[in-house]
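*Asks:* sequence-free structure coming up:
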């Protein structure tokens, strides 16, 4: 990912050359909510830095990452429109 600019999907389709979310065995992943346990302030800091309100949710008064696909995956903003074509 050194040349991150090459991954711009408006120029070409890098997902054709990398694993997609559907290629990942979800049974081998922990719930993405575990990030909230290890560093409870992370999602709040992410929200403050990015303003990405769609990437977080309120969980009992605490801001946490909004997980997707059986609570196994957090989607970056660019992936939310079409998660099936996101690189994993």
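*Replies:* Here it is on my side, so go on. Because the structure is predicted, anything quoted here is derived from the model rather than measured.
*Asks:* for the closest residue to residue 86 other than its chain neighbours, grab the count of nearby residues.
*Replies:* Among residues not flanking residue 86 along the chain, residue 79 sits closest, at 3.7 Å (Cβ to Cβ, 6 or more residues apart in numbering). Just so you know, the C-beta spots here come from the backbone N, C-alpha and C atoms, and that holds for glycine as well. Counted with other Cβ atoms under 10 Å, the neighbours of residue 79 add up to 19.
*Asks:* okay but residue 79 is in contact with residue 88, surely?
*Replies:* No. Contact criterion Cβ atoms under 8 Å: residue 79 and residue 88 do not qualify, at 9.7 Å.
*Asks:* show me where this protein has its strands.
*Replies:* Here the chain has its strands, by DSSP state E, at 56-59, 62-65, 67-68, 73-74.
*Asks:* figure out which of the ones you listed is closest to residue 38.
*Replies:* strand 62-65 (11.5 Å; Cβ to Cβ).
*Asks:* what strands flank that closest one, and is each parallel or antiparallel?
*Replies:* Partners of strand 62-65 in the sheet, by DSSP bridges, are strand 56-59 (antiparallel).
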